[in-house]
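Novice: sequence first, then the predicted structure:
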Amino acid sequence: MDKKAIYRELEKAIAFGMERNRFDTRWGTPLVAFAAADDPLFADLKEAVSGTHLLPGDLLPGARTVVAFFLPLAPAVAASNYSGFLASQAWAQAYLDANLLIGEIGWHLKAFLEDHGHAAALTQATHNFDPDRLISDWSHRHVAFIAGLGRFGVNRMLITERGCCGRLGSLVTSLPLDPDPRPEEEFCLFRRDGSCLRCVERCVGKALSPQDLDRHTCYAVCLKNEAVFQNLGKADVCGKCLVDVPCSGAKPG
């Protein structure tokens, strides 16, 4: 089994999920990248993210590879969230749809790998964080960075070749695959040459600065959206710093 087989199964899982759930939300072409489970950067996450951050081997003893994937949102979904303090309903629904779809992708890939004799393990797409510290013990963003899917922007999101406006998922497997290289250039324009702070300007809660993110101020805005869209589900989102910015739908040139 090779990387192309994993990507084909990812595409199948998306198609199955779209047909079964009849989502109104649309996504662009996904990205997939691979990291070695013993990459020393995973151990560094215990300092960079949290002392309780899990290692691939904690999720799956004998882990050899970490698979990370990115589902870019369609431009129309991003555009719906440009204006106003609150998130758009389409954005809130996209968040809920993505959580469901990422879960289905994970279970599909897990079953596919196991059918071919390889163990696999995964965690949920979101709400796997400490409610007091607002820090996850398995950060899909940091895992995707290690796998080479992109670089972090000032908005603390991972900017991929298809931008930062989308959702990430990951899983761990015993299947050995060659790791992908990590990009060395900065994708964020501010971190590249200081030319952009559009995401800071768009942060409606004023939680974001070039140096820091006030997680609790940010999440307070997300909870306001959750209250407004409670009829849809647990849509504790905002996303204003992801849209109408140069890195929304592509890596800035």
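Specialist: Noted; the coordinates are in hand. Numbers count the residues shown, from 1 in each chain.

Novice: need the pLDDT of residue 126.
Specialist: On pLDDT, residue 126 comes in at 60.

Novice: kindly report the same for residue 25.
Specialist: On the pLDDT scale, residue 25 gets 95.

Novice: now residue 253
Specialist: Looking at residue 253, its pLDDT is 83.

Novice: other SSEs contacting the lengthiest helix in the chain?
Specialist: Across the chain, the longest stretch assigned as helix under DSSP state H is helix 89-115. Secondary-structure packing of helix 89-115 (3 or more Cβ pairs under 8 Å, 6 or more residues apart in numbering; DSSP states H and E): helix 3-21, strand 65-72, helix 75-80, strand 120-122, strand 166-173. (C-beta placed from N, C-alpha, C; glycine too.)

Novice: got the buried residues for it?
Specialist: 89-106, 108-110, 112-113 (16 or more other Cβ atoms under 10 Å).

Novice: likewise stretch 67-86?
Specialist: For stretch 67-86, burial by neighbour count (16+ other Cβ under 10 Å) applies to 67-74, 77-78, 80-81, 86.

Novice: toward the C-terminus, what is the element adjacent to the worst-scoring helix or strand of the chain on mean pLDDT?
Specialist: Scoring the helices and strands of the chain by mean pLDDT, DSSP states H and E places strand 129-130 at the bottom, with a mean of 61. Next along the chain after strand 129-130, taking DSSP states H and E as the criterion, comes strand 135-136.

Novice: from the chain's centroid, how far away is that following strand?
Specialist: With Cα atoms, centre = their mean, to the nearest Å as the basis, strand 135-136 stands 13 Å off its chain's centre.

Novice: pLDDT on it, on average?
Specialist: Here the average pLDDT along strand 135-136 is 80.

Novice: and the helix or strand following that strand, what does it pack against?
Specialist: Using DSSP H and E, the helix or strand that follows strand 135-136 in sequence is helix 140-147. Helices and strands touching helix 140-147, as assessed by 3+ Cβ pairs under 8 Å, 6+ apart, comprise strand 31-36, helix 40-48, strand 65-72, strand 150-152, strand 158-160, strand 166-173.

Novice: who wins for proximity to residue 210 among those?
Specialist: Nearest to residue 210 among the helices and strands packed on helix 140-147 is strand 150-152; the distance by Cβ to Cβ comes to 12.6 Å.

Novice: where does pLDDT dip in the protein?
Specialist: Applying pLDDT under 70 to the chain flags the ranges 125-134.

Novice: how about the residue in it that sits furthest from its center?
Specialist: The centre of the chain is farthest from one residue, residue 117, which by Cα atoms, centre = their mean lies 27.6 Å away.

Novice: which ones are touching the closest residue to residue 20 other than its chain neighbours?
Specialist: Spatial nearest neighbour of residue 20, excluding adjacent residues (Cβ to Cβ, 6 or more residues apart in numbering): residue 104 at 7.8 Å. Residue 104 makes contacts with 13, 16, 17, 20, as judged by Cβ atoms under 8 Å, 6 or more residues apart in numbering.

Novice: list the residues that contact the residue most central in space within the chain.
Specialist: Geometric centre of the chain, nearest residue: residue 168, 2.4 Å, by Cα atoms, centre = their mean. Residues counted as contacts of residue 168 (Cβ under 8 Å, 6+ apart) are 68, 69, 70, 71, 102, 140, 141, 143, 144, 149, 158.
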